[in-house]
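[1] quick one: sequence plus predicted model below, questions after.
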Amino acid sequence: MNIIIVPIKDDYSEAVVDLILNIQQKEFNVPITLEDQPDLLEINQFYHKKGGCFWGAFIDGELVGTIALVKYDDREGAIRKMFVKKEYRGKELYIAQQLLDTLIAYSKQNGLLDLYLGTVSILEAALRFYERNNFVRIEKGTLPDAFPIVDVDNVFCHLKLN
């Protein structure tokens, strides 16, 4: 299977919305809607224009995973929208790892020193994945002031880049 990870823009919004909302709502019952995530319809504006990026992982032309970087400060960024379709998760394909590695490499190339993320405690496998990648759980109160908090998030992590 040939996995391709490339930056994607607004022309992929429909596929992105379909992938992410299915995982959030149907698989994990996270109480979040498209209205709560207008960034999914404004990928160019929300991610790319501010110096961040939004990547898609494709297998045979099908979008199977996403990850995004919100660059909210010269030296800091927030990881968002890390999702991989259920049937493509796991150690066989390492799609999540490839997506995260792509984002970290981009962050380092663009002078970021710190990455932060918020998630929900129900996503235990995701939290274990981040911890295996040297992210450390932190208290919400210790997040940088400019960090863009998502209402449903209740677990926060930090990675020091060097």
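    Received the coordinates, thanks.
[2] how near is Tyr88 to Leu143?
    Separation of Tyr88 from Leu143 (Cβ to Cβ, to the nearest Å): 31 Å. Any C-beta I mention is one placed from the backbone N, CA and C, and that applies to glycine too.
[3] what are the ranges of the strands in the protein?
    Taking DSSP state E as the test, the strands found in the chain are 3-7, 53-59, 62-71, 76-84, 114-119, 136-138, 155-160.
[4] any chance of a markdown table for these, columns mean pLDDT, distance to Ile20 and mean neighbour count?
    Conversion of the strands of the chain to a markdown table gives the following (pLDDT from 0 to 100; distance: least, Cβ to Cβ, whole Å; neighbours: other Cβ atoms under 10 Å):
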| stretch | mean pLDDT | distance to Ile20 | mean neighbour count |
| --- | --- | --- | --- |
| strand 3-7 | 98 | 16 | 14 |
| strand 53-59 | 98 | 11 | 22 |
| strand 62-71 | 98 | 7 | 22 |
| strand 76-84 | 97 | 5 | 24 |
| strand 114-119 | 97 | 13 | 20 |
| strand 136-138 | 98 | 23 | 12 |
| strand 155-160 | 98 | 18 | 18 |
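[5] who wins for proximity to Lys26 among those strands?
    strand 76-84 (12.3 Å; Cβ to Cβ).
[6] for the closest one, packing partners?
    The contact analysis (3 or more Cβ pairs under 8 Å, 6 or more residues apart in numbering; DSSP states H and E) places strand 76-84 against helix 13-21, strand 62-71, helix 95-109, strand 114-119.
[7] ok, and what's touching that strand?
    Around strand 76-84, the neighbours that count as contacts under Cβ atoms under 8 Å, 6 or more residues apart in numbering are 16, 19-20, 23-24, 39-40, 52, 54, 57, 64-72, 95-96, 99-100, 103, 107, 112-118, 126, 144, 146-148, 150.
[8] need the helix or strand of the chain with the lowest average pLDDT.
    Among the helical and strand segments of the chain, the one scoring lowest on mean pLDDT, DSSP states H and E is helix 124-132, with a mean of 94.
[9] name the helices or strands packed onto that helix?
    Right, helix 124-132 is packed against strand 114-119, strand 155-160 by 3+ Cβ pairs under 8 Å, 6+ apart.
[10] using TSV, please lay out these together with distance to Arg80.
    Shown next, in TSV, are those (distance: least, Cβ to Cβ, whole Å):
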stretch	distance to Arg80
strand 114-119	7
strand 155-160	13
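[11] can you tell which of those is closest to Glu35?
    It is, among the helices and strands packed on helix 124-132 and with distance given as Cβ to Cβ, strand 114-119, at 18.7 Å.
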